[in-house]
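[1] sequence first, predicted model second:
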Amino acid sequence: MTTQDSLDRFYSIIPAGGIGSRLWPLSRADAPKFLHDLTGSGSTLLRGTWDRLAPLNGEQRIMVVTGRAHRAAVEKQLPALLDHNVVLESEPKDSTAAIGLAAAILRRREPDVIIGSFAADHVIADTRGFGRAVREAIVVADAGYITTIGITPTEPAIGFGYIHVGGALPVEGAPSARMVESFVEKPDLETAEQYVAGGDYLWNGGMFISRADRLLEQLGETSPALLAGIEELAEAWDTPRRGAVVDAVWPSLEKIAIDYTVAEPAAASGRLAVIPGDFDWDDVGDFASIAKLHSGGRKSDLAILGENARVLADASSGIVVAGSDRLISLIGVNDIIVVDTPDALLVTTTANAQRVKSVVDALKLSGRSDVL
Ligand SMILES: Nc1nc2c(ncn2[C@@H]2O[C@H](COP(=O)(O)OP(=O)(O)O[C@H]3O[C@H](CO)[C@@H](O)[C@H](O)[C@@H]3O)[C@@H](O)[C@H]2O)c(=O)[nH]1
């Protein structure tokens, strides 16, 4: 088996479903994070993801899983996306259902397929470094491992999965492959602090590369009912029965992230491997990270986003996201976050950027879905 054989059987999957609550009121149910240009490059995060994946083995081998409501926006962003590579969900059921269904559909079409799932809403500027890591991961996946790409942690973040890196994994064509001792999804702060201080942990970069059959086998061990639902959908997917089976099965699928159903149990049974990534990576999870991206990391700058932004600022730093042509003026306010949209205005500080999600939770509780 050569590296080229493995690469030829590779298929990318982009699950595009997360709303990005910490980016409210910019990110909304009808305009989620992946449909925004948060880097100022002129491309949405989704398009950026597509452009990183296309050089691996072509635009014909990228599948996108998204909500029915986002179909038109996704197709506008990705004109080369083929019809049979669009998987539409009637309601979000989290990443196990999204990635699992894509893997099961692809396996029925190509029994030996190797799949790679890549978050729709991350920023990676070094496309070559990314490509190198994914190529190694594909070889490791073909050797039978569920393979992740690890990111060197910069802080004890609690929003990520943590990979305890083990010994070298001798797979030809993948010199940096390592075994994973354990995988812990979103630990508490104290645990995250210990992991980062310990030095032998990496963040999970939200990418899973595996033979489709191995991934589904792992899922079946942990969540047999969920796998059965996914297989029922996949069996009907390329037939006229699809609509009826989706209506009957989709609502009953368990809503759970793949990190719990596949990554944690695969690590516990010695089937998870990692390629440490040597490229820049940013999940642009909140407005403070967007501010950093735009100011090149300088705290003293004011980052301004928005096509029609009109901002007058005197001695101020932080970020302004202008969602209208209203004039915004700032005087002597530092580390500020101002996000102005026609029906909602957010004002906070970069230190509180993570807490934006609590506003969204409160709005949900009070039934204010009109502004979500
Ligand atoms: N289609 C679809 N996609 C979904 C759904 N739920 C999540 N996704 C997609 O699955 C990917 C990951 O989901 P998130 O919900 O954004 O995950 P997370 O909390 O950020 O955590 C994951 O990513 C971290 C890195 O950013 C990891 O560190 C962590 O371990 C985990 O894998 C994103 O591309 C998101 O759009 C869904 O219901 N439907």
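    On my side now, so go ahead.

[2] for the stretch 151-300 of the chain, just list every one of the helices.
    189-198, 212-222, 224-237, 242-249, 258, 264-268, 287-294 (DSSP state H, counting those that start in this stretch).

[3] could I get the ones you listed as a markdown table with mean pLDDT?
    As requested, these are exported to a markdown table (pLDDT from 0 to 100):
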| stretch | mean pLDDT |
| --- | --- |
| helix 189-198 | 96 |
| helix 212-222 | 98 |
| helix 224-237 | 98 |
| helix 242-249 | 98 |
| helix 258 | 98 |
| helix 264-268 | 98 |
| helix 287-294 | 90 |
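
[4] can you tell which of those helices is closest to F130?
    helix 287-294 (16.7 Å; C-beta to C-beta). Backbone N, C-alpha and C define where each C-beta goes, glycine included.

[5] partner strands of whatever helix or strand comes next after the closest one, with direction?
    Counting by DSSP states H and E, the next helix or strand C-terminal to helix 287-294 is strand 302-305. Note on strand 302-305: by DSSP bridges, its sheet partners are strand 318-322 (parallel).

[6] for the strand it pairs with, give the mean pLDDT please.
    Averaged across strand 318-322, pLDDT comes to 93.

[7] which other residues reach it?
    Strand 318-322 is contacted from outside by 26, 287-288, 290-291, 294, 302-306, 308-311, 313, 328, 330, 333-340, 349-350, using C-beta atoms under 8 Å, 6 or more residues apart in numbering.

[8] okay, the angle between the very next helix or strand once past it and strand 318-322?
    As assigned by DSSP H and E, the chain's next helix or strand after strand 318-322 is strand 327-331. Computed by axes from the mean of the first three to the mean of the last three C-alpha atoms, to 10 degrees, the angle separating strand 327-331 from strand 318-322 equals 170 degrees.

[9] what comes into contact with strand 327-331?
    Contacts to strand 327-331, defined as C-beta under 8 Å, 6+ apart, come from residues 302, 309-316, 320, 322, 336, 338, 340.

[10] thinking again about what came up before, which one of the helices of the stretch 151-300 of the chain lies closest to H70?
    H70 lies closest to helix 242-249 among the helices of the stretch 151-300 of the chain, at 16.4 Å (C-beta to C-beta).

[11] after that closest one comes which helix or strand?
    Toward the C-terminus, helix 242-249 is succeeded by helix 258 as the next helix or strand (DSSP H and E).

[12] what does that following helix rub up against?
    Contact partners of helix 258, identified using C-beta under 8 Å, 6+ apart, comprise D94, S95, T96, I99, G100, S117, F208.

[13] 7 Å instead, please
    For helix 258, contacts defined as C-beta atoms under 7 Å, 6 or more residues apart in numbering pick out S95, T96, I99, F208.

[14] which SSE is the first one in?
    What that stands for is S95. Assigned by DSSP H and E, S95 belongs to helix 94-109.

[15] get me the contact residues on the stretch 101-250 of the chain for the ligand.
    A119, A120, D121, F160, G161, E185, W203, N204, G206 (C-beta under 6 Å from any ligand atom).

[16] among those, which two are most distant?
    A120 and E185, at 19.0 Å, using C-beta to C-beta across these.

[17] between those two, which one's more packed in?
    A120 (25 against 14; other C-beta atoms under 10 Å).

[18] what residues are up against the residue nearest to L215 when sequence neighbours are not counted?
    In space, and not counting its chain neighbours, L215 is closest to A103: 5.3 Å by C-beta to C-beta, 6 or more residues apart in numbering. Listed by C-beta under 7 Å, 6+ apart, the contact partners of A103 are I115, A212, L215, L216.

[19] and for the last one, the neighbour number?
    This means L216. 20.

[20] now the third one
    Using other C-beta under 10 Å, L215 has 26 other residues around it.

[21] how near is the residue nearest the centre of the chain to N334?
    Closest residue to the average C-alpha location of the chain: A119 at 2.4 Å, with C-alpha atoms, centre = their mean. Per C-beta to C-beta, to the nearest Å, A119 is found 32 Å from N334.

[22] can you pull the phi/psi pair for the residue nearest to the centre of the chain?
    phi -60, psi 140 (degrees, to the nearest 10).
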